[in-house]
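Peer 1: Below is the sequence, then the predicted model.
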Amino acid sequence: MQSRIQPIAVRDVLRYLVGCATLPASVHRCFDVGGPDVMNYADMMQRYAVVAGLPRRRILPVPLFSPSLSSHWVGLVTPVPAGIARPLVESLRNTVVCREHDIAAYVPDPPEGLLGFDRAVQLALQRVKDRAVATRWASASVPGAPSDPLPTDPDWAGGSLYVDERTRRAAASPESLWRVVEGIGGDAGWYSFPLAWRVRGWLDRLVGGVGLRRGRRDPHTLYVGDALDFWRVEEVEPGRLLRLRAEMRLPGLAWLEFHVEHDDSADGRPGTLLRQRATFAPRGLAGHLYWWAVAAFHGFVFGGMVRGMARAAERVHASPGTASSLTAEGPPTPPTPR
C-alpha cells in the first residue's frame, strides 16, 4: 500500500499513442508516461473514495506480503476473478513513477496540462453511469482451449453430454419474450430460486471463481463476448437465440441456451415458445458426480426459470412501457426518469 505510483488518464494515453504514430522513423526508444499526480496506493484508494462519494476507507497494514492470499481476498470482495487479481496484486510491490518526461519533446502536453487523477476518476465513473464502458476488469475472460467441445457438436464427436431441456409457452409476442431473455442476469436476476443463485455465486467466489458480482455491461442489450454474472455470452441471434457459456468453477463445461419461437395456439391466440436448454460436458469422474449431485435441484432452478421468464414476458406484453424496469423479483416497477 505504500508503493508509489503515477496514474495517468486513459485519454492522455490515447493522445500519446496517436501522437507517436507521426514520429519520425529515427525515433526508436521507450518513453515513460504518467499523470501529474504521484501518490501511493493507499492515497489512491482514499482519493477514489472521495470522488466516488464513498466513506473513508479503513486500511489495516499486515506484516507480510502474500500475493496468493491477497488475490483470493480481492477475488472474494470485488468483481475481479482471483486468477486476474494475482498478477495485479504481485505488481503492487513495484514503484511505478516516471523517470523522465522526454515524450513532451515529440508530443507536447496540452495547454491545460495533463488530466489530474481526481478528474480522470470522475470522468471514468460518469462513463460507467452512462453505460459507455467498452471493457472492464470484471469482464475479463476465463480462457478455454480451442479444442473444448460445444453444445452444438454432433453425437459422433464423442464425450459425455448431459442435457436439461424445458419448453414453456408464453401468451406474449416474440418481441416481449426476447426482451426478457436479453435482459436476464444482473439486477434482473435469473427468474427462479434467487437464494440458490446467490449461494452458488458465493461458493464460486470462495474457490476463486468469478461469482455473481460482475453483473452485466448494459441492462437491456447483450453482445457476443459480454460478461453476464458468471456466464459469458457466446452467441446471440437477436430475437431468436441467446447462448451463455459458464465461467464459474466447474468440473466440466456448461452452457445455457434460450430459443424464442413464434407459436400461435389452435384458437388463433398469439403466443411464443421459450425453449431453454442447459448442457454440461463433464470432465472426469468429478464431472459426472457433480451433475448427479445437483440434478435434484434442476426442477426448482431450471424449471422455475423458464416459468418465471414466461410470466415476465406476459407482463411486458401487457405493459410494454415498463419493460425497461423489469426485474425477476416481482411485477415491473415504474421506469426511473433519466
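Peer 2: Received it, and whenever you're ready, just let me know what you need.
Peer 1: Can you tell me how far the closest residue in space to residue 35 that isn't next to it in sequence is from residue 109?
Peer 2: By the measure of C-beta to C-beta, 6 or more residues apart in numbering, the closest residue to residue 35 outside its immediate chain neighbours is residue 8, 4.2 Å from it. Backbone N, C-alpha and C define where each C-beta goes, glycine included. Distance, residue 8 to residue 109, by C-beta to C-beta, to the nearest Å: 12 Å.
Peer 1: More neighbours: these two, which one.
Peer 2: residue 8 (19 against 13; other C-beta atoms under 10 Å).
Peer 1: Just to be sure, that one is in a helix?
Peer 2: No: assigned with DSSP: H, G, I helix; E, B strand; the rest coil, residue 8 falls outside any helix and is coil.
Peer 1: For residue 256, list each beta-bridge partner.
Peer 2: Beta-bridge pairing of residue 256 under DSSP bridges involves residue 244, residue 278.
Peer 1: Got the phi and psi for the residue nearest to residue 35?
Peer 2: phi -130, psi 140 (degrees, to the nearest 10).
Peer 1: One more: the one 5 residues further on?
Peer 2: Here is the backbone geometry of residue 13 (degrees, to the nearest 10): phi -60, psi -40.
Peer 1: Please give me every residue in contact with it.
Peer 2: Shown in contact with residue 13 (C-beta atoms under 8 Å, 6 or more residues apart in numbering): residue 33.
Peer 1: Also residue 76?
Peer 2: Counting by C-beta under 8 Å, 6+ apart, residue 76 has contacts 205-206.
Peer 1: now do residue 125
Peer 2: Residue 125 makes contact with 51-52, according to C-beta under 8 Å, 6+ apart.
Peer 1: I'd like the average pLDDT over the helix or strand hosting it.
Peer 2: Using DSSP states H and E, residue 125 sits in helix 117-129. For helix 117-129, mean pLDDT rounds to 89.
Peer 1: Quick one: distance of that helix to the chain centre.
Peer 2: 19 Å (C-alpha atoms, centre = their mean, to the nearest Å).
Peer 1: Return that helix as CSV; C-alpha atoms alone will do.
Peer 2: The C-alpha trace of helix 117-129 is given here as CSV (Å, rounded to 0.1, in the frame of the first residue of the first chain):
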residue,chain,number,x,y,z
PHE,A,117,-6.2,11.8,-11.0
ASP,A,118,-9.4,13.1,-9.4
ARG,A,119,-10.8,14.4,-12.7
ALA,A,120,-9.8,11.2,-14.5
VAL,A,121,-11.7,9.1,-11.9
GLN,A,122,-14.7,11.5,-12.1
LEU,A,123,-14.9,11.0,-15.9
ALA,A,124,-14.5,7.3,-15.7
LEU,A,125,-17.3,7.0,-13.1
GLN,A,126,-19.5,9.1,-15.4
ARG,A,127,-18.9,6.7,-18.3
VAL,A,128,-19.9,3.8,-16.1
LYS,A,129,-23.2,5.7,-15.2
